[in-house]
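**Student:** Compute the structure for the input listed below.
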Amino acid sequence: MSPTTLPAGPDHGHVTFLGAGPGDPGLLTLRAVEALANADVLIAEHDVLDVVRTHARAGVALLDTDSSPPSALAAASSASSAATSADTFSGTGTPQLTVVDGASTTVGAPAVRDAAHLVMEAARGGKRVVRAVSGDPGLDTYATEEMLACAAAGVPFEVVPGVAAAVGVPAYAGVPLRDAQGADVRFVDARTASDRCWAEVGASDGTVVVSATLETVAAAAGELVAAGRKPDTPMTVTVAGTTTRQRTWTATLGGIAQTLKQAKVLPSPEGGRPVIAVVGERSAAAQRDQLSWFESKPLFGWRVLVPRTKEQAASLSDQLRSYGAVPHEVPTIAVEPPRTPQQMERAVKGLVTGRYEWIAFTSVNAVKAVREKFEEYGLDARAFAGIKVAAVGEQTAKALIAFGVKPDLVPSGEQSAAGLLEDWPPYDPVFDPIDRVFLPRADIATETLVAGLIELGWEVDDVTAYRTVRASPPPAETREAIKGGGFDAVLFTSSSTVRNLVGIAGKPHNVTVIACIGPATAKTAEEHGLRVDVMAPEPSVHKLAEALADFGMRRRAAAVEAGDPVTRPSERRPGARRRRTTT
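**Tutor:** As a prediction, this is how the structure comes out:
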């Protein structure tokens, strides 16, 4: 039986000490995801909560050890049990809050960290507790103390290992720790290392992995030189490893202080950003130039604005993340039911009674609108039996397949109304017993498809299935970033996204790369005073993302060839003009 399914006792629950890895949520193990999905209480530092919370179930009590005193546990734990219409955790919001019946209550103010007490209190009453720590629990001093406390109190616990930062960060930085010669690898925590420890690693010629802070890493390099390492020994320093904020500097033990100074790496006001430094001849910079796979992604660290509805943006955001980007979804339109639903109701009933030969879906929203009507009437995909189904676009086709309907016709060329008409058969009374087409669409859709179908001999029931209205403005911080050059790129997937984004948030700054899905969208962008840098080779959101990635790759290659530092568009100096490069 899986440990997460073990019954918890009435007085003593069960604690899972879970390694959250060095920062990339994708490094969580399958076992970790399983444990998170079954937790009643989740306890972690703030940064770790950001990594693991998306896998927690609705209703879990979240405790931030950076700000929650032991007295907070009672409120959070009882909230987890009492949550009804609204859960303690809904997937968003701040980790210091619990939500009970729709009301938010603070579980605690900043206090001295006492995570062991939080863990023990949470485990009482049969709760399943996940105590998540950065990296691996076996390398966390606090986690060890908390395990001992559980053992002393008779509270059953388990350990789910995680990727240790000292191993995961060098891998993401393209710095191998061992080679074919199999050199020794030593691990040192600069915060606790003794003189004897420095002397031992200094006397070795193997690779040394140092856990330090950005403020103390130069001092750690000095300790190694004083212990016998040569000042010209290669050294890499990585901050924010495995995240899209990752940055790596290559230098020597004797030159790292000057390298960080020239890079204008400033001390952290929070008291020290953790870094992983790798020292050794076999972790040389020449290898990193070839093995730096993560920071070399085409859009690494780019903040990309995705102005679509949240449902539409999900797959596009996933694709952008695979290129190293940080997508920021800003809905520009909201989808609402038609003002007069009777027309839609008659059309759906007509589907069942055999009124139509074809139904044509031109968007995911149209599929959603028809599906909702089906569910309202207790119908399912079987109601499409005997009806031919057409779909414009890959995402629309996927939405239909998810509904249980495989489209009979998807444009072979351009994914648009014009492309659909290119492949649509003319009405033939011999082969088509019914001459009518049901076209559910938006209230602002063009007449191109309707006119084309009529010209092919079909009768068309052109039905407003949903309305699109301008969404509410995004938060002030997002609006300022849009107008002030805080975003590196923006993807426009239709003319309406251009008009609506400018209307609710303002015009993107001139350093922001503008990418458009097609000529019509590009024309609208130019009419609003925007310079178009990237255009998709075909009207597909995924082709648009690919085109932006290609733009970023060529931009990076040009900087490397010129010997310039690789920067993001938002890092350009004020007043710098952007060269027009349209793909």
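
**Student:** low pLDDT regions in this structure?
**Tutor:** 1-12, 67-113, 180, 182, 266-272, 282-286, 309-314, 444-446, 573-583 (pLDDT under 70).

**Student:** Give me the residues contacting the top helix by length along it.
**Tutor:** Across the chain, the longest stretch assigned as helix under DSSP state H is helix 541-561. The contact list for helix 541-561 (Cβ atoms under 8 Å, 6 or more residues apart in numbering) reads 296, 298-299, 302, 304, 315-316, 319-320, 323, 394-395, 489, 491, 493, 513, 515-517, 533-537, 565-567, 581, 583. C-beta here means a position set from N, CA and C on the backbone, and glycine is covered the same way.

**Student:** Quick check on those residues: which are buried?
**Tutor:** Among those, the ones that count as buried by 16 or more other Cβ atoms under 10 Å are 296, 298-299, 302, 304, 316, 319-320, 323, 395, 489, 491, 493, 513, 515-517, 533-536, 566.

**Student:** Keep only those of those that are in strands.
**Tutor:** 304, 489, 491, 513, 515-516, 534-535 (DSSP state E).

**Student:** For Val469, state which of those is nearest.
**Tutor:** Leu491 (21.1 Å; Cβ to Cβ).

**Student:** got the contact list for the closest residue in space to that closest one that isn't next to it in sequence?
**Tutor:** Nearest residue to Leu491, sequence neighbours excluded (Cβ to Cβ, 6 or more residues apart in numbering): Ala515, at 5.1 Å. By Cβ under 8 Å, 6+ apart, Ala515 lies in contact with 489-492, 532-536, 544, 547-548, 551.

**Student:** Mind putting those into TSV with distance to Leu30?
**Tutor:** Below are the contacts of Ala515 laid out as TSV (distance: Cβ to Cβ, whole Å):
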residue	distance to Leu30
Ala489	33
Val490	36
Leu491	32
Phe492	38
Val532	43
Asp533	40
Val534	37
Met535	40
Ala536	36
Leu544	33
Ala547	34
Leu548	32
Phe551	36
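
**Student:** so Thr236, which of the three states?
**Tutor:** In three-state terms, and counting by DSSP: H, G, I helix; E, B strand; the rest coil, Thr236 is strand.

**Student:** Starting from Ala263, give me the distance back to it.
**Tutor:** 13 Å (Cβ to Cβ, to the nearest Å).

**Student:** Find the residues that touch each one of those two.
**Tutor:** With Cβ under 8 Å, 6+ apart, Thr236 and Ala263 have common neighbours Trp249.

**Student:** what about these two, which has more around it?
**Tutor:** Taking neighbours as other Cβ atoms under 10 Å, Thr236 and Ala263 compare with Thr236 leading, 26 against 13.

**Student:** check contacts around the more buried one.
**Tutor:** Counting by Cβ under 8 Å, 6+ apart, Thr236 has contacts 170, 173, 175, 248-251, 277-278, 283, 285, 288.

**Student:** now, which of these lie within strands?
**Tutor:** 248-251, 277-278.

**Student:** what's the burial count for Pro519?
**Tutor:** There are 11 residues near Pro519, going by other Cβ under 10 Å.

**Student:** excluding its backbone neighbours, what's nearest it?
**Tutor:** Closest residue to Pro519 apart from its sequence neighbours, by Cβ to Cβ, 6+ apart: Met535 at 7.4 Å.

**Student:** I'd like the distance between the one you found and Thr521.
**Tutor:** For Met535, the distance to Thr521 - Cβ to Cβ - is 8 Å.

**Student:** cool, and Ala164?
**Tutor:** Applying Cβ to Cβ to Ala164 and Thr521 gives a distance of 46 Å.

**Student:** Which one of these two is surrounded by more residues?
**Tutor:** Shown here are Ala164 and Thr521; by other Cβ under 10 Å, Thr521 has more neighbours (25 against 22).
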